[in-house]
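Student: coords please:
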Amino acid sequence: MRDDRLLEMRVFRAVIDTGGFSAAANMLGASQSFVSQTIRRLETRLGAKLLHRTTRGQRLTPEGERFLGAARTVIGAVEQAEALWQREEAQIEGQLRVSAPIAFGLDRVTPLMPEFLARHPNLSLDLRLTDDHENLIADGIDVAIRMGRLSDSGLIHRRLCRLRRIVVAAPGLVERHGAPESVADLARMPCIAWDGSREHLNRWSFVRDGEKASFHAQSRFRGNQGMSLFAMCLAGVGVMRVAEHLARPAIRDGRLVELLRDHAPSDDTAIHAVFLPDRDMVPRIRTFVGFLVAAFRSPAWEG
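Tutor: From the prediction side, this is the model:
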């Protein structure tokens, strides 16, 4: 049976430490409704009002003051016990839940996991691949790998490597349609586009000689899963803007051709590992994030 008592304590502490439900949700990488429901569920279970809510915010009730002190003690004791138990890296054990985007997870994260598991034989790893941003606290995620610009949140993050997307196409498609010489030329070429929550990735930005240009990719084929879109690009269905970790190896072996090389994309960002702010001292999390940072210090696709 699932026991959410520690989770409720952590959410309650976050509300107090940040000064509000919205700020707590931002820090925890959760929705405001999740925070509100968790506090309401906690108060119902305890049979006590912990917070007085007003238009100006909230303040602790006497019961809330007492419970906050107890919650801090419990959370601190749990984290201290785990840190003492796993003081040496070789002793790291338990379960680690990691979330990663599907394409990057399959292409770059999964191949690293045999080495990590071999180093830590007492650790279990649950790797969840999804192109949706999971709720770290509600879904019990210890570490999430995020691509692109991070939202304004209180999540702790460690940069793994640069993220740069480049425009590519299969050689056969370029032979049929010709290589574009300008951003405007992309309008005469078939493209591949994202659907759903990733639709914003269909807006491609470029810079040439200090001048910015943009293109909105539209397509007869749309999808919400990166590897299927990439497969269609390799098959010559359309032009696609692809992350370098997939594109560079395919360019080197001749499966893809880079287009508009002199129109540098203006949206260079990064790939990060993110985790909750009160989890940075948990040994299994700290060790896993450190492993990723070392693994991506010199990305193989940039060689």
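Student: Following the worst-scoring helix or strand of the chain on mean pLDDT in sequence, what is the next regular element?
Tutor: Taking mean pLDDT, DSSP states H and E as the measure, the chain has strand 264-265 as its least confident helix or strand, at a mean of 69. Using DSSP states H and E, the helix or strand that follows strand 264-265 in sequence is strand 269-275.
Student: would you list every one of the helices in this structure?
Tutor: Counting by DSSP state H, the chain has helices at residues 5-18, 21-28, 32-46, 62-85, 102-104, 113-119, 171-177, 226-234, 244-252, 283-295.
Student: between the ones you listed, which one is nearest to residue 205?
Tutor: Evaluated with CB to CB, those place helix 244-252 nearest to residue 205, the distance being 15.8 Å. (Glycine included, C-beta is placed from N, CA and C.)
Student: So which elements touch the closest one?
Tutor: strand 165-169, strand 257-258 (3 or more CB pairs under 8 Å, 6 or more residues apart in numbering; DSSP states H and E).
Student: chain center to the longest one, what's the gap?
Tutor: Spelled out, it's strand 165-169. For strand 165-169, the gap between its own C-alpha mean and the chain's C-alpha mean amounts to 22 Å (CA atoms, centre = their mean, to the nearest Å).
Student: Just the residues contacting that strand, thanks.
Tutor: 186, 189, 204, 233, 236, 238-244, 247, 250-251, 256-260, 265, 267 (CB atoms under 8 Å, 6 or more residues apart in numbering).
Student: Can you select the buried ones from the residues you listed in ChimeraX?
Tutor: In ChimeraX syntax, the buried subset of the contacts of strand 165-169 is picked out as below (16 or more other CB atoms under 10 Å):
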select :186,189,204,233,236,238,239,240,241,242,243,244,247,250,251,256,257,259,260,265,267
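Student: okay if I get the helices and strands packed on helix 244-252 as TSV plus distance to residue 44?
Tutor: Shown next, in TSV, are the helices and strands packed on helix 244-252 (distance: least, CB to CB, whole Å):
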stretch	distance to residue 44
strand 165-169	47
strand 257-258	58
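Student: Quick check: which of those strands is buried the most?
Tutor: Greatest average neighbour count among the helices and strands packed on helix 244-252 goes to strand 165-169 (a mean of 24), per mean count of other CB atoms under 10 Å.
Student: angle of that strand against strand 269-275?
Tutor: 120 degrees (axes from the mean of the first three to the mean of the last three CA atoms, to 10 degrees).
Student: model confidence over strand 165-169, on average?
Tutor: For strand 165-169, mean pLDDT is 93.
Student: now it and helix 244-252, what's the angle there?
Tutor: Using the same axes, to 10 degrees: strand 165-169 against helix 244-252 is 40 degrees.
Student: I'd like the C-alpha coordinates of strand 165-169 written as CSV, please.
Tutor: In CSV, the C-alpha atoms belonging to strand 165-169 read as follows (Å, rounded to 0.1, in the frame of the first residue of the first chain):
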residue,chain,number,x,y,z
ARG,A,165,19.5,21.4,-33.2
ILE,A,166,20.4,21.4,-36.8
VAL,A,167,18.4,21.2,-40.0
VAL,A,168,18.9,18.0,-42.0
ALA,A,169,17.4,15.8,-44.8
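Student: what's stretch 95-106 in contact with?
Tutor: The contact list for stretch 95-106, computed with CB under 8 Å, 6+ apart, reads 109, 123-131, 134, 136, 139-147, 225-227, 230, 243, 245-246, 271, 284-285, 288.
Student: Just the ones in strands from the residues you listed, please.
Tutor: Among these, the ones falling in strands (DSSP state E) are 123-129, 143-147, 243, 271.
Student: can you put the helices of the chain in JSON lines and add distance to residue 159?
Tutor: Output for the helices of the chain, formatted as JSON lines (distance: least, CB to CB, whole Å):
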{"stretch": "helix 5-18", "distance to residue 159": "24"}
{"stretch": "helix 21-28", "distance to residue 159": "19"}
{"stretch": "helix 32-46", "distance to residue 159": "27"}
{"stretch": "helix 62-85", "distance to residue 159": "25"}
{"stretch": "helix 102-104", "distance to residue 159": "14"}
{"stretch": "helix 113-119", "distance to residue 159": "19"}
{"stretch": "helix 171-177", "distance to residue 159": "34"}
{"stretch": "helix 226-234", "distance to residue 159": "21"}
{"stretch": "helix 244-252", "distance to residue 159": "15"}
{"stretch": "helix 283-295", "distance to residue 159": "8"}
